[in-house]
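S.K.: Give me a 3D structure for the following:
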Amino acid sequence: MAFRRPLIVIVIFIYITAGVKIAAADEPVPTPWPHQFHALMFMNYSGDLSMIDLWYDWTNGRNFNIIQEQLGGITYDLEWNNGTSFFYTLDESKSCRSGQLEVGILRPNWLDGAKYLGQQNVSGFLCNVWEKVDFIWYYEDVETKRPVQWIFYTGREAHIMTYEVGAVLEDEKWQAPVYCFNKEKKSLSTKGALSEFKGYKEKAAL
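M.R.: Numbering: from 1, shown residues only. Prediction:
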């Protein structure tokens, strides 16, 4: 009897450990982004509203956010995989700001390693939910595997309105205007979702 009790404890421990590993293996993982897609996103940050026309093109190493502020202007956030970024307008102000980041555009598998939080109903869609580096919460439709929304740690919400896999923007529309390459550039505020997208990209690369 003295030897049976430790043996039973060991068996129970092995059984529980195996059960935990199986449960973890059964958890869903986020669907990698397609290498090329177009999405229209409705952004809401405590009532500050905007629309973002997102063109993701991993194949050609580029990403484009066209940002329409509510009853305001349009700004263009153009990013390349070498870390080069332009943020500009096409109106008479000819404003442009450029920068060089340490990381390029988001990888298709940027959600690898995200923590699974379970399922939640969002806007009529049953979604799997993940959290990445305490910075963003990502909601994916259980049935179609399409993204439904994501929420930044600041509370800013991105609601996916349309999602076109394989859609590609014409090459000529990826060219930043010539005044972005002048030595003297006019400053441009990064109002809206731009700063969070930048920080999100750096965090998600961890």
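S.K.: Report the spatially nearest residue to H35, omitting neighbours in sequence.
M.R.: Sequence neighbours aside, W58 is the residue nearest to H35 in space, at 4.4 Å (criterion: Cβ to Cβ, 6 or more residues apart in numbering). C-betas here are computed from N, CA, C, even on glycine.
S.K.: burial count for that neighbour?
M.R.: Counted by other Cβ atoms under 10 Å, the residues lying close to W58 total 19.
S.K.: List the contacts of it.
M.R.: Applying Cβ atoms under 8 Å, 6 or more residues apart in numbering to W58 gives the contacts 33, 35-36, 105, 107-108.
S.K.: Kindly report the same for D171.
M.R.: Neighbours of D171 in contact, by Cβ under 8 Å, 6+ apart: none.
S.K.: Model confidence for it, exactly?
M.R.: The model reports D171 with a pLDDT of 97.
S.K.: The residue nearest to H35 and N81, how far apart?
M.R.: 8 Å (Cβ to Cβ, to the nearest Å).
S.K.: which residues are common contacts for these two?
M.R.: With Cβ under 8 Å, 6+ apart as the test, W58 and N81 both reach I105.
S.K.: what about the helices in the protein?
M.R.: Counting by DSSP state H, the chain forms helices over residues 4-26, 194-204, given from the N-terminal end onward.
S.K.: that older thread, would you report the backbone torsion angles of the residue nearest to H35?
M.R.: Recorded main-chain torsions at W58 are phi -60, psi -30, according to degrees, to the nearest 10.
S.K.: Look up how far R97 lies from it.
M.R.: Computed with Cβ to Cβ, the distance linking W58 and R97 is 24 Å.
S.K.: Now the two most distant members of the contacts of W58.
M.R.: Across these, the two members that end up farthest from each other (Cβ to Cβ) are Q36 and R107, 13.8 Å apart.
S.K.: returning to that earlier point: where among the helices of the chain is average confidence lowest?
M.R.: Averaged per stretch, pLDDT over these is lowest on helix 4-26, reaching a mean of 50.
S.K.: Skipping its backbone neighbours, what lies nearest D77 in space?
M.R.: The nearest residue in space to D77 (Cβ to Cβ, 6+ apart) is N65, at 4.0 Å.
S.K.: Tell me, how many residues neighbour the nearest residue to W80 once chain neighbours are set aside?
M.R.: Counting by Cβ to Cβ, 6+ apart, the nearest residue to W80 once its immediate chain neighbours are dropped is R62, at 5.4 Å. Residue neighbour count, defined by other Cβ under 10 Å, stands at 20 for R62.
S.K.: Also Q119?
M.R.: Other residues within reach of Q119 by the criterion other Cβ under 10 Å amount to 13.
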